[in-house]
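Chemist: Pasting a predicted model and its sequence here:
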Amino acid sequence: MSTTVAPISILLVDDSALVRQGVRSVITLEPENDIHVVGEAGTIKDAITMAKELQPDIILLDIRLPDGSGLDAATDILRVAPKCRILILTSFTNDELVYNAVIAGVHGYLMKELDPSGLIKAIRDTAAGRSVLTPDVTSRVLRMIRSGGNSDATGELALLSAQERKVLALVAEGFTNKEVGQQLNLSENTVKNYLVSVFGKLKVKRRSQAAAMFVQATQNTN
């Protein structure tokens, strides 16, 4: 007996109707038909309203919008749609901007120069629970970490148990909860419980934030 998997629901947030149309076309042309665009917004205000109403799996969010910053919007969106995962899709980037996006809790940061197949893969990886960063974006995050970042990261990491550190190390490598469990011979629910404890000790709400702190602490000790 086969089971039907619900398609990944997407909310597009960009002030350019042309960009939204282009992304929608890329998704629509995907032959597996496992990703559906359920809404579009051109402002932060509309994005928050639609996120609350639609509760999409993923939001593709631009950094610069007419009524404010996408990073500020991310915080408000996650408040009304806490299960949503946010992928930044933008033309704007610098080391500080990328680092702040990760710390704000977004689940991935992509450049609009990304090819269509890369975008589809990023959406699927994000839906599967992985954090998505292109190589260039990863190098920017690491540069910010090496230059200072959050100086409290090493001390806060010391609060974690040995098993919590093992779990977080795998999360920082991009593994899903299920994959972490397979690596450590733990149930997926046990991994979730460990992460709840990790988030509490590190005073963060998102796995991307915890992962960034782990990478920073690792860099500081090398």
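Modeler: Structure received. Note that the structure is predicted; figures quoted are calculated from it, not measured.
Chemist: so the spatially closest residue to Val102 that is not a sequence neighbour is in which element?
Modeler: Closest residue to Val102 apart from its sequence neighbours, by CB to CB, 6 or more residues apart in numbering: Ala212 at 4.8 Å. Where C-beta positions appear, they are placed from N, C-alpha and C, glycine not excepted. Ala212 belongs to helix 207-220 when assigned by DSSP states H and E.
Chemist: Give me the distance from that helix to the chain's centre.
Modeler: From the chain centre to the centre of helix 207-220 is a distance of 14 Å (CA atoms, centre = their mean, to the nearest Å).
Chemist: Same check on stretch 198-211?
Modeler: With CA atoms, centre = their mean, you get 13 Å for stretch 198-211.
Chemist: same deal with stretch 189-209?
Modeler: 15 Å.
Chemist: for that stretch, which positions count as buried?
Modeler: 190-191, 194-195, 197-199, 201-202, 204, 206-209 (16 or more other CB atoms under 10 Å).
Chemist: could you redo these as JSON lines and give each row pLDDT?
Modeler: Converted to JSON lines, the buried residues of stretch 189-209 look like this (pLDDT from 0 to 100):
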{"residue": "Thr190", "pLDDT": "89"}
{"residue": "Val191", "pLDDT": "90"}
{"residue": "Tyr194", "pLDDT": "88"}
{"residue": "Leu195", "pLDDT": "90"}
{"residue": "Ser197", "pLDDT": "89"}
{"residue": "Val198", "pLDDT": "88"}
{"residue": "Phe199", "pLDDT": "88"}
{"residue": "Lys201", "pLDDT": "86"}
{"residue": "Leu202", "pLDDT": "85"}
{"residue": "Val204", "pLDDT": "83"}
{"residue": "Arg206", "pLDDT": "79"}
{"residue": "Arg207", "pLDDT": "80"}
{"residue": "Ser208", "pLDDT": "78"}
{"residue": "Gln209", "pLDDT": "80"}
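Chemist: Kindly indicate which of those lies nearest Gly118.
Modeler: Ser208 (18.9 Å; CB to CB).
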